[in-house]
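S.K.: This is a predicted model, with the sequence first.
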Amino acid sequence: MRLRHLIVCSITLALMPLSGPAYAEDPAPTPTPGVSQKVEEGLGADGGTERAIVELTDPAQHEPVASQAAAESVDVLLRPQNQSFMVVEGTAEELAKLAADPRVTSIHRDRTYTPADVSPNLKLIGADQAHGKGFTGTGQAIAVLDTGIDRDHPWFGGGRIVAEACFSAVESGVESLCPNGQPEQIGAGAADAMTAKCLAGSVNMCDHGTHVAGIAAGTGGVAPGAGIVAVQVFSRVNDEGICGEASCLLAFESSLRLAMDYVAGLDQPVAAVNLSLGGALSETACDTGEEGAIFKPKIDALLAKGVATVVAAGNESFEGASYPACISSAVAVGANDGTDAIADFSNRSALLDLFAPGVDIESSVPDNQTAVYSGTSMATPHVAGALALMKQAAGAAAAMPDLIDTLKKTGRPYVYQANGTQVTTPRLDLAAALAGATPQPSISQTPIVPVPDPTESGPSPEPDDPSDDPDPEPSDDPEPSPSTSPVPLPTVTVTVTVTPTPATAAAVCTRGTAAKKMTAKQWAVEIHRSRGTIPDATLTCYLKLIGKSSKVFPELTKASSLGKAYRVLKGTKTGKGKLDSALLTGWLNWAHGTNGTTTLTAAEKVRLVSKPSAAALKKAAKKVLKTVK
């Protein structure tokens, strides 16, 4: 099952009645003559079952197609009303038979997204001056599609939560986070972040949404007068092979699609949808990609109703943005710190629309507390809140694209290099946009230049010993225990809880800066039994980043933990094994700071073929190995 990670921020709004089917039409690709062209490349190639979205010619085809699916032993997991898609689970062969039905236009993975790792910031963007002019977001609402909200937190008092909903996918090993235990719940309490399923021991895994909502529209947030539409879109996954720990939260594409349509159907004014989510990385606009083609019509439909979709650009120090921030009609947001510098973890490029504070941001968390977190997840709700203020000031007749353009024109220009060219991206400045202050002069940013780190250079290859058997038995090669603590990367500001509990640390998982290439054997030394110099927590972070950008890991080859990654690196007895080892080596070098993924992406296409030839596998592996020398 393909589980693609993303970054999330949430805000709660009051529940508003639906005003008829104001849904964005799901894209229904034109049927193609070949069945194989209807099915996403590599779907079910590992031989197991896949959770997949089946796009239909129209909603009326649910029943006949579901009957056909049942006849082919395909499990139907979800049949949302008034939607031209359904969710099923089946093998590659079963899905291929289903694709032969002319009422099916395409079949692709039900992709998933995860929450991101995660005052003075308000003064930096001039929110205090905007508040002084009476602009607090009154009459507007902000929809936060995230991990729910602590409904009775003091930051959200006075009837601030105006609507709630939950869309939480379920399947074997995946549990709903809706309080009713079902895949869907609408109404008061539906987005409660204090349910038992949110807890892992004493830790509340659903704190992300409350923190984001507080930044956007809490008492101490950018738009303290705005309402909050809280939408829970995550599910609890209890699979260490996927999570790297006992449990984690993932948002399925199907849940996000239903949530965006829910917001589109509300009749209360909504200024912005906050999506601090992010998946695969892209250096260019991704409107026509697999995910872009699904989400762009949703984003465009919301924009036509006066609702901006504000998305986190990602925390990978990447010159580009993650899905869905890379969609051209989304408002992509990067993070800056309190000194007006781009945060070292923030993605950056011409794809970004705005920067906003994302380092050491204090906001609400469950149990009536506050905490300080960092990430583009924290920057995004600053912009969502700002748009609520802009919409209040401009009135109902104002066009949202014009309000977004005003924020971009009045923001403080950051000038920097990305992808070999000079880029200018404005930093949010509400003092200039709303309070009449003079726009601030541009400020040049110092680029992050990867410098070899002698402490992370990697050891020279060691002679083989019995423990380096290319195909060790489990009893001979115990799997290292994955780290479940926050990833302590040097590019991340440590975050602490400020009230009233003892301090805790958190970190943003980001690419390394050593930029030193290593061979498969050297990486195996780093990963196996802690014999290398790179901390296990950093290596675990690298595997998470690879999972966001690769379609082979962990989809076909389970390399989500250190022990499994070691076996992939050493398992070169077969053609597929050799290619997997080469690919993982290349991706590890990328995560360690080297640039370039074109060869890796091309080789992955070979690996995703259900029955690749031995010659094709050998040729692809050879090309990848040339890049790691």
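M.R.: Great, that's in hand.
S.K.: what ranges do the strands span in the stretch 251-400 of the chain?
M.R.: 272-275, 281-282, 308-312, 321-322, 331-336, 354-357, 361-365, 369-373 (DSSP state E, counting those that start in this stretch).
S.K.: Give me the packing partners of the third one, helices and strands only.
M.R.: In terms of contacts (3 or more CB pairs under 8 Å, 6 or more residues apart in numbering; DSSP states H and E), strand 308-312 is packed against strand 272-275, helix 290-304, strand 331-336, helix 376-394, helix 400-410. Every residue, glycine included, has its C-beta placed from N, CA and C.
S.K.: Please identify the most buried of these.
M.R.: strand 272-275 (a mean of 35; mean count of other CB atoms under 10 Å).
S.K.: For it, which strands pair with it and how are they oriented?
M.R.: Partners of strand 272-275 in the sheet, by DSSP bridges, are strand 141-146 (parallel), strand 308-312 (parallel).
S.K.: low-scoring stretches of the stretch 451-600 of the chain, by residue?
M.R.: Judged by pLDDT under 70, the stretch 451-600 of the chain has its weakly predicted residues at 451-508, 529-531, 555.
S.K.: Helices of that one, residue ranges please.
M.R.: Assigned by DSSP state H, counting those that start in this stretch, the stretch 451-600 of the chain shows helices spanning 520-527, 536-549, 562-570, 575-591, 598-608.
S.K.: Distance from the chain centre to the longest one, please.
M.R.: Right, helix 575-591. Chain-centre distance of helix 575-591: 23 Å, with CA atoms, centre = their mean, to the nearest Å.
S.K.: what angle sits between it and helix 598-608?
M.R.: Interaxial angle of helix 575-591 relative to helix 598-608 (axes from the mean of the first three to the mean of the last three CA atoms, to 10 degrees): 150 degrees.
S.K.: and helix 575-591, what does it pack onto?
M.R.: helix 520-527, helix 536-549, helix 562-570, helix 598-608, helix 614-627.
S.K.: so which of these comes closest to Arg151?
M.R.: When the helices and strands packed on helix 575-591 are compared by CB to CB, helix 536-549 sits nearest Arg151, at 30.5 Å.
S.K.: Comparing the strands paired with strand 272-275, which comes out most buried?
M.R.: Highest mean neighbour count among those (mean count of other CB under 10 Å): strand 141-146, a mean of 35.
S.K.: List the residue ranges of the stretch 1-150 of the chain that fall below the pLDDT cut-off.
M.R.: In the stretch 1-150 of the chain, residues with pLDDT under 70: 1-34, 114-118.
S.K.: Let me have the strands of the stretch 251-400 of the chain in JSON lines, extended by distance to Gly90 and mean pLDDT.
M.R.: Shown next, in JSON lines, are these (distance: least, CB to CB, whole Å; pLDDT from 0 to 100):
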{"stretch": "strand 272-275", "distance to Gly90": "29", "mean pLDDT": "98"}
{"stretch": "strand 281-282", "distance to Gly90": "29", "mean pLDDT": "88"}
{"stretch": "strand 308-312", "distance to Gly90": "32", "mean pLDDT": "97"}
{"stretch": "strand 321-322", "distance to Gly90": "29", "mean pLDDT": "92"}
{"stretch": "strand 331-336", "distance to Gly90": "35", "mean pLDDT": "97"}
{"stretch": "strand 354-357", "distance to Gly90": "42", "mean pLDDT": "98"}
{"stretch": "strand 361-365", "distance to Gly90": "40", "mean pLDDT": "94"}
{"stretch": "strand 369-373", "distance to Gly90": "40", "mean pLDDT": "91"}
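S.K.: For the nearest residue to Ala603 once chain neighbours are set aside, report the pLDDT, please.
M.R.: Excluding the flanking residues, the one nearest Ala603 by CB to CB, 6 or more residues apart in numbering is Ala620, at 4.1 Å. pLDDT, Ala620: 91.
S.K.: how near is Ala620 to Val609?
M.R.: From Ala620 across to Val609, the span is 10 Å (CB to CB, to the nearest Å).
S.K.: With Asp58 instead?
M.R.: 32 Å.
S.K.: Format the helices of the stretch 451-600 of the chain as TSV; extra columns: distance to Ala335.
M.R.: What follows is the helices of the stretch 451-600 of the chain, written out as TSV (distance: least, CB to CB, whole Å):
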stretch	distance to Ala335
helix 520-527	29
helix 536-549	17
helix 562-570	29
helix 575-591	20
helix 598-608	27
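S.K.: Adding distance to Leu352 and mean neighbour count, write these out as a markdown table.
M.R.: Listed next are the helices of the stretch 451-600 of the chain as a markdown table, based on distance: least, CB to CB, whole Å; neighbours: other CB atoms under 10 Å:
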| stretch | distance to Leu352 | mean neighbour count |
| --- | --- | --- |
| helix 520-527 | 32 | 24 |
| helix 536-549 | 18 | 22 |
| helix 562-570 | 32 | 23 |
| helix 575-591 | 21 | 24 |
| helix 598-608 | 22 | 18 |
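S.K.: Go through the helices and strands packed on helix 575-591 and name the closest to Ala100.
M.R.: helix 598-608 (20.8 Å).
S.K.: Can you list the helices and strands that that closest one packs against?
M.R.: Helix 598-608 packs on helix 575-591, helix 614-627, going by 3+ CB pairs under 8 Å, 6+ apart.
S.K.: mind saving the C-alpha coords of that helix as CSV?
M.R.: C-alpha atoms of helix 598-608 as CSV (Å, rounded to 0.1, in the frame of the first residue of the first chain):
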residue,chain,number,x,y,z
THR,A,598,16.4,12.3,-12.9
THR,A,599,18.2,9.0,-13.2
LEU,A,600,16.6,7.6,-10.1
THR,A,601,13.1,8.5,-11.4
ALA,A,602,13.8,6.9,-14.8
ALA,A,603,15.1,3.7,-13.1
GLU,A,604,12.1,3.5,-10.9
LYS,A,605,9.8,3.3,-13.9
VAL,A,606,11.7,0.1,-14.9
ARG,A,607,11.2,-1.3,-11.4
LEU,A,608,7.5,-0.5,-11.4
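S.K.: What angle do helix 614-627 and that helix make with each other?
M.R.: Calculated by the same axes, to 10 degrees, helix 598-608 forms an angle of 160 degrees with helix 614-627.
S.K.: Centre of the chain to helix 598-608, how far?
M.R.: With CA atoms, centre = their mean, you get 22 Å for helix 598-608.
S.K.: residues making contact with that helix?
M.R.: 41-42, 45, 550-552, 556, 576, 579-580, 582-583, 586-587, 590, 612, 616-617, 619-621, 623-624, 626-627 (CB atoms under 8 Å, 6 or more residues apart in numbering).
S.K.: still on that earlier bit, do you know which of the helices of the stretch 451-600 of the chain lies nearest Leu281?
M.R.: helix 536-549 (5.3 Å).
S.K.: Given whatever helix or strand Ile53 lives in, what are its sheet partners and their directions?
M.R.: Using DSSP states H and E, Ile53 sits within strand 50-56. If you go by DSSP bridges, strand 50-56 pairs up with strand 85-90 (antiparallel), strand 104-109 (antiparallel).
S.K.: For the strands of the stretch 251-400 of the chain, could you give me CSV that also reports distance to Thr510?
M.R.: CSV is the format used below for the strands of the stretch 251-400 of the chain (distance: least, CB to CB, whole Å):
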stretch, distance to Thr510
strand 272-275, 20
strand 281-282, 12
strand 308-312, 13
strand 321-322, 12
strand 331-336, 11
strand 354-357, 16
strand 361-365, 17
strand 369-373, 15
